[in-house]
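>>> model this:
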Amino acid sequence: MPDIRVAAAVDFGTHGTGFAWAFLNEANNPAAERTVNLHDQWQGQPVSYIKNRTSLLLDGGKVLEWGYEAHRRYNTEGRRNPGWVYADRFKMGLWDGSLVPAEEAEKHITAYLRVFYRFALDQIVAAAQVDPDEIRWCVTVPAIWGDRERDVMRKCAEKAGFPTDQERLLIAVEPEVAALYCEAYHSTAAITTLGRRFMVVDAGGGTVDLTTYEVSAEHKLTQLGYSPGDALGSAFVDKRFVETLLAKRLPVEVVDRFQREDPQATLDLMDSWERAKRNFDPSRDAPLNIPIPVRIYKLLDDAALARLEYEQDGIDDSLVLTPLEVRRIFDHIIGDVLRLVDRQIEDAGEVASVLLVGGFAQSAYLEQRLRRYVEANGCNLVVPPNPSAAVLLGAVHYALTPDVVVARCSRYTYGVSTNLPVEDGFAGDLTRKWRDEWGQDMVADRFSIFVRRGDIVPVGENVVRHYWPIKPKQTSMDVTVYIAEDREPRYVDERGCVKLGTITADLSKVAALPRDDQNVEVTMSFGGTEVVVDAKVVRTGARLNTSFTFHRAAG
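Model (predicted):
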């Protein structure tokens, strides 16, 4: 296998996606002095920017255009082609399906990553003069995504053409890599001093993630506390705008009609809102004016126009939003963000600084509200010069030096459903007690713990457990993995226990051996961004054919 010469990162976002890369020999330089190559020229872009739109234009499942070009072409030709489908903001479908159904999201993510990967690969190969198999890739995911969503993202990336080798395709957590960026480029002592703790608030288009870290020796990071977060990104501010102010200004039947029949007009209106939203200055007592697209304006009858004039002091060709109305739209989301920050500070203990990054971090109002709140809690708010680039740049640093994070906090208690021998004096649920075909008295549905929620687990730490089949001549063994909110679950069907996935071990080659010689060693590797599972027969050392199948409902 060729040596890795280039580390490349893809920041896959709800609204925009970008890539950057660096030569691996840059890993030997201090992070602040590394040369990271960014791409900021995209076909159809309105202005130079490091991200293309996370958008697709589809015809019968075939990708016609992607990125800004998908948006432009749908705007100009969409009405003449009713069979076309314009897809955007599909990333969050993996989390809760609130914006896009999960299965549809997987298809769109794979399709988008396929065209994006080919483009990025061509650019890097041409610029760096390397072969494709000399590149290590890193793809970012929100911290609130659980093991299943991260596994789906890896599979989508692999289907799209990214390497299938886990050493050449890393999955990185967005606030974590943003922390690497801030730690590398910001001189604040509260961030760089050994033993100090800081929190990252990664406010993106779809999610807001919070994670706390402690600076350890040689500027390495230890994650403290699990990462709370929620679907509170700027896309939900947009959703609030449509459901409240737009419905208040325009007749419901008009809103329903143009959303259903004229997606182009809808996109134009939301683009105008996006520009106004970003420029909203909470210190100025001035209204926001959002032009009404001509095609929507033509749908308004005399009564609707008169209503607009009455509510907006005679103005009927644009939406005029008062500062109070705009603040209320933001406050609905920001209030929940502040509650997450409060909970994280309480869980993590003393926090010196809070770092605000992500595309939503460009909102002056979010920054103002967060600064006021964290300073009241004795913390310092740090906003890097380019907060929307923090994840992308940090992901390159992570791809260069994955060992920079030395330990992570386990978000859940992990374990497997198993049958354990009856303990002396067993006084539990007698309905769980049974005798196996080997003559052993057993207790069913026990939660065999591998790692507990809240444990600080070193990266790469392996936890080993041993299991035996319950029947003679058993040719396979399914071990079902569970996660739990509780640190000490006793049974897998207790409240808060969720089925995560299944390990299937092939026992066909050892089924004829005595029971003691069918000892199966199951190993789970924790501390990384993904759970790694392996199994082998202890007696022979033979590695079993194992697969880990995630259940869709798992977190």
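>>> checking residue 503 next. Helix, strand or coil?
strand (DSSP: H, G, I helix; E, B strand; the rest coil).
>>> ok, it to residue 527 distance?
Shown here: residue 503 relative to residue 527, a distance of 19 Å by C-beta to C-beta, to the nearest Å. The way it works is simple: take the backbone N, C-alpha and C, and place the C-beta from them, glycine included.
>>> for residue 512, same thing?
38 Å.
>>> any idea how far stretch 233-251 is from the chain center?
Here stretch 233-251 is found 24 Å from its chain centre; the criterion is C-alpha atoms, centre = their mean, to the nearest Å.
>>> quick one: average confidence on it?
For stretch 233-251, mean pLDDT is 86.
>>> returning to what we had before: so which of residue 512 and residue 527 has more stuff around it?
Neighbour count, other C-beta atoms under 10 Å: between residue 512 and residue 527, residue 527 has more, with 23 against 11.
>>> so residue 456 makes contact with residue 407?
Yes - counting by C-beta atoms under 8 Å, residue 407 is a contact partner of residue 456 at 5.1 Å.
>>> any shared contact partners between the two?
Jointly contacting residue 456 and residue 407 under the rule C-beta atoms under 8 Å, 6 or more residues apart in numbering are 222, 223.
>>> ok, those two, which is more surrounded?
The neighbour count for residue 456 versus residue 407, taken as other C-beta under 10 Å, is higher for residue 407 (21 against 15).
>>> would you confirm that the more buried one belongs to a helix?
No - under three-state DSSP, residue 407 falls outside any helix and is assigned strand.
>>> so it sits against residue 225, correct?
No - Residue 407 is beyond contact range of residue 225, at 12.0 Å (criterion: C-beta under 8 Å).
>>> for residue 308, what are its contacts?
Residue 308 neighbours (C-beta under 8 Å, 6+ apart): 249, 250, 300, 315, 316.
>>> neighbour count added to those, as TSV?
Compiled in TSV, the contacts of residue 308 are given as follows (neighbours: other C-beta atoms under 10 Å):
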residue	neighbour count
249	21
250	20
300	18
315	13
316	18
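>>> reformat the residues you listed as CSV; add secondary structure.
Output for the contacts of residue 308, formatted as CSV (three-state DSSP):
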residue, secondary structure
249, helix
250, coil
300, coil
315, coil
316, coil
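>>> nearest to residue 279, of those?
Minimum distance to residue 279 across the contacts of residue 308 is 18.7 Å, recorded for residue 315 (C-beta to C-beta).
>>> residue 305 is in contact with the closest one, correct?
No - Residue 315 is beyond contact range of residue 305, at 10.5 Å (criterion: C-beta under 8 Å).
>>> how about residue 199, phi and psi?
Residue 199 has phi and psi values of phi -110, psi 140 when expressed as degrees, to the nearest 10.
>>> contact partners for it?
Shown in contact with residue 199 (C-beta under 8 Å, 6+ apart): 210-213, 341, 344-345, 348, 351, 353-355, 379.
>>> for it, name its beta-bridge partners.
residue 212, residue 354 (DSSP bridges).
>>> test my guess that residue 53 contacts residue 68.
Yes - counting by C-beta under 8 Å, residue 53 does reach residue 68; the two are 5.2 Å apart.
>>> show me where the stretch 101-250 of the chain has its strands.
Under the criterion DSSP state E, counting those that start in this stretch, the stretch 101-250 of the chain contains strands at 135-141, 169-173, 197-203, 208-215, 221-224, 229-230.
>>> tabulate the ones you listed (CSV), appending mean pLDDT and distance to residue 242.
Listed next are the strands of the stretch 101-250 of the chain as CSV, based on pLDDT from 0 to 100; distance: least, C-beta to C-beta, whole Å:
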stretch, mean pLDDT, distance to residue 242
strand 135-141, 97, 27
strand 169-173, 94, 30
strand 197-203, 89, 20
strand 208-215, 87, 20
strand 221-224, 86, 36
strand 229-230, 76, 20
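>>> for residue 371, which of those strands is the nearest?
strand 197-203 (11.1 Å).
>>> what angle sits between the closest one and strand 208-215?
160 degrees (axes from the mean of the first three to the mean of the last three C-alpha atoms, to 10 degrees).
>>> next, the angle strand 135-141 makes with strand 197-203.
Going by the same axes, to 10 degrees, strand 197-203 makes 80 degrees with strand 135-141.
>>> tell me what angle strand 197-203 forms with strand 169-173.
Comparing the axes of strand 197-203 and strand 169-173 via the same axes, to 10 degrees yields an angle of 100 degrees.
>>> could you give me the buried positions within strand 197-203?
197, 198, 199, 200, 201, 202, 203 (16 or more other C-beta atoms under 10 Å).
>>> how about stretch 115-135?
Within stretch 115-135, the residues scored as buried using 16+ other C-beta under 10 Å are 115, 116, 117, 119, 120, 121, 123, 124, 128, 130, 134, 135.
>>> closest to residue 170 out of those?
Closest to residue 170, out of all of the buried residues of stretch 115-135 and judged by C-beta to C-beta, is residue 135, at 11.7 Å.
>>> for residue 512, which residues are in contact?
Residues near residue 512 by C-beta under 8 Å, 6+ apart: residue 473.
>>> how confident was the prediction at it?
Note on residue 512: pLDDT of 83.
>>> how close does the residue lying closest to residue 363 once chain neighbours are set aside sit to residue 373?
Distances taken as C-beta to C-beta, 6 or more residues apart in numbering place residue 278 nearest to residue 363, at 6.7 Å, with adjacent residues excluded. Distance from residue 278 to residue 373, counting by C-beta to C-beta: 21 Å.
>>> look at these two and report which has more neighbours.
residue 373 (18 against 13).
>>> quick one: that one and residue 341 touch, right?
Yes - counting by C-beta under 8 Å, residue 373 does reach residue 341; the two are 6.7 Å apart.
>>> from what I can see residue 90 touches residue 111, true?
No - here residue 90 does not reach residue 111: they are 9.5 Å apart, not a contact under C-beta under 8 Å.
>>> the two: which has the busier surroundings?
residue 90 (24 against 21).
>>> quick check on that one: phi, psi?
According to degrees, to the nearest 10, residue 90 has phi -90, psi -10.
>>> let me see the contact set for the closest residue to residue 247 other than its chain neighbours.
Nearest non-adjacent residue to residue 247, counting by C-beta to C-beta, 6+ apart: residue 255, 6.1 Å away. Shown in contact with residue 255 (C-beta under 8 Å, 6+ apart): 242, 246, 247.
>>> drop anything exposed from these.
Buried members of the contacts of residue 255, counted by 16+ other C-beta under 10 Å: residue 246.
>>> in JSON lines: the contacts of residue 255, plus distance to residue 412.
Listed next are the contacts of residue 255 as JSON lines, based on distance: C-beta to C-beta, whole Å:
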{"residue": "242", "distance to residue 412": "35"}
{"residue": "246", "distance to residue 412": "39"}
{"residue": "247", "distance to residue 412": "39"}
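>>> for residue 306, give me its contacts.
So residue 306 contacts nothing (C-beta under 8 Å, 6+ apart).
>>> going forward, count from 28.
In the new numbering, first residue 28, that becomes residue 333.
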